[in-house]
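Visitor: Model the structure of this input:
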Amino acid sequence: MSLLEVHHLTKYYGAERFPDDISFAVDKGEIVCLLGPSGCGKTTLLRIIAGLETPDSGQVLFEGRDLRDVPVHQRNFGLMFQDYALFPHKNVFENVAFGLRMMHLPRGEIEARVREILELVGLSGFERRDVNLLSGGEQQRVALARSLAPRPRLLMLDEPLGSLDRTLRERLMNELRVILKSVGVTALYVTHDQEEAFAVADRVIIMNRGRKIQEGTPQEVYRHPATEFVARFLGLTNLLPGRVVGVDKGRVEVETEIGHLKIGDWGGHWQPGMEATVLIRPEAASPGECPPGGDNTISATLTELSFRGGYYRLVVRHASGLELNFSIPMAEETLPRPGETVHLPLRSEAISLLAPDVRGSQS
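Guide: Okay, the predicted model is just below:
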């Protein structure tokens, strides 16, 4: 039995339903991320689980117990928000100790727990600091420490890094997973940022318009998005129509406007004559010289080239008019110039097929 079970949760807002018949489960010690665009129902779902809102139908079970009649304060769930929600008139110690004092713990136990949790989030020695004088990253660490201090049975985080600048957000999202795993807390994490979700979560639930669209590990949803909406939401825009022309020994051959492509790891349900949407992930193109006309090799005109730190982003235009973008690690001396023709071999394992009956149906 999973620690948290959500069964067919639905809440009506006029004729709309957010969430709309959603079910999922969270195991003990697992970090599950609710990922989707703004307004898709993620936060409402979180508030229902917390007990702050009531669903029109469905159940929330924790350790097998229905929580419908359990008040918020008796659930022992922790909440962490984007805006920190710190008490401005209390110092760091008082903010972190707040929940512990509500539990009427002895003073010595409170002091020991505050020191322990501040050390965990990298704020040792900050006990007497004014929270108003802390940086945004430090304030968010205090908010995390306050949420973790009472040892919640479930920690819920709603866009916790959304107000931070990009550099700080990237640093904290990596540290956040380490912290949550070190204390073994079960966590439900809400975000609209796929990079943040992939860095933090064990499992991702992708939502749109109140519904669950796909569920899986970060690797699974990235490598095998279930719909065109999921692919585009994850930033995967190399999508083109295709028709299956051959299937042989775990590989499928697809006819597309940029030529025939051979694809591996295809799932086994494709047959010749079937229509499909072909997804070519940005890392599919391999650097280096290659002759034109080889298997999975496309020839196209380079239209844009930009440096992105550890890789270059290439935008190419095929003779068909289709534009594709790729992320390629390349040495500067081998870089082509815009306007030149490039020949790019595509790795079959970085190409996926989507069934046409779900194309755009959740966008």
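Visitor: Next, the distance between the ends of stretch 46-54.
Guide: Start and end residues of stretch 46-54 are separated by 11 Å (Cα to Cα, to the nearest Å).
Visitor: So Leu188 belongs to a strand, correct?
Guide: Yes. According to DSSP: H, G, I helix; E, B strand; the rest coil, Leu188 belongs to a strand.
Visitor: Strands along the stretch 251-363 of the chain, start to end?
Guide: Assigned by DSSP state E, counting those that start in this stretch, the stretch 251-363 of the chain shows strands spanning 251-256, 259-264, 275-280, 297-307, 312-318, 323-328, 341-345, 351-354.
Visitor: Give the partner strands of the fifth one in its sheet and their orientations.
Guide: Translated: strand 312-318. Using DSSP bridges, the strands paired with strand 312-318 are strand 297-307 (antiparallel), strand 323-328 (antiparallel).
Visitor: Local confidence estimate at Gly294?
Guide: At Gly294, the model reports a pLDDT of 63.
Visitor: Can you name the residues bridging to the closest residue to Ser306 other than its chain neighbours?
Guide: Excluding its sequence neighbours, the residue lying closest to Ser306 (Cβ to Cβ, 6 or more residues apart in numbering) is Arg313, at 4.8 Å. Where C-beta positions appear, they are placed from N, C-alpha and C, glycine not excepted. Beta bridges link Arg313 to Ser306, Ser327 when assigned by DSSP bridges.
Visitor: In a markdown table, list the strands paired with strand 312-318 along with mean pLDDT and distance to Arg68.
Guide: Shown next, in a markdown table, are these (pLDDT from 0 to 100; distance: least, Cβ to Cβ, whole Å):
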| stretch | mean pLDDT | distance to Arg68 |
| --- | --- | --- |
| strand 297-307 | 93 | 53 |
| strand 323-328 | 94 | 47 |
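Visitor: what sits against the closest residue to Gly39 other than its chain neighbours?
Guide: In this structure, Gly39 finds its nearest non-sequential neighbour in Phe18, 7.9 Å apart by Cβ to Cβ, 6+ apart. If you count contacts by Cβ atoms under 8 Å, 6 or more residues apart in numbering, Phe18 has them with 11, 39-41, 44, 209-210.
Visitor: Just put the strands of the stretch 251-363 of the chain in TSV and tack on distance to Gln214.
Guide: Output for the strands of the stretch 251-363 of the chain, formatted as TSV (distance: least, Cβ to Cβ, whole Å):
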stretch	distance to Gln214
strand 251-256	21
strand 259-264	20
strand 275-280	13
strand 297-307	28
strand 312-318	26
strand 323-328	23
strand 341-345	29
strand 351-354	11
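Visitor: can you put those in CSV and add distance to Phe77 and mean neighbour count?
Guide: Converted to CSV, those look like this (distance: least, Cβ to Cβ, whole Å; neighbours: other Cβ atoms under 10 Å):
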stretch, distance to Phe77, mean neighbour count
strand 251-256, 46, 20
strand 259-264, 44, 18
strand 275-280, 38, 21
strand 297-307, 44, 16
strand 312-318, 42, 18
strand 323-328, 39, 19
strand 341-345, 50, 17
strand 351-354, 37, 22
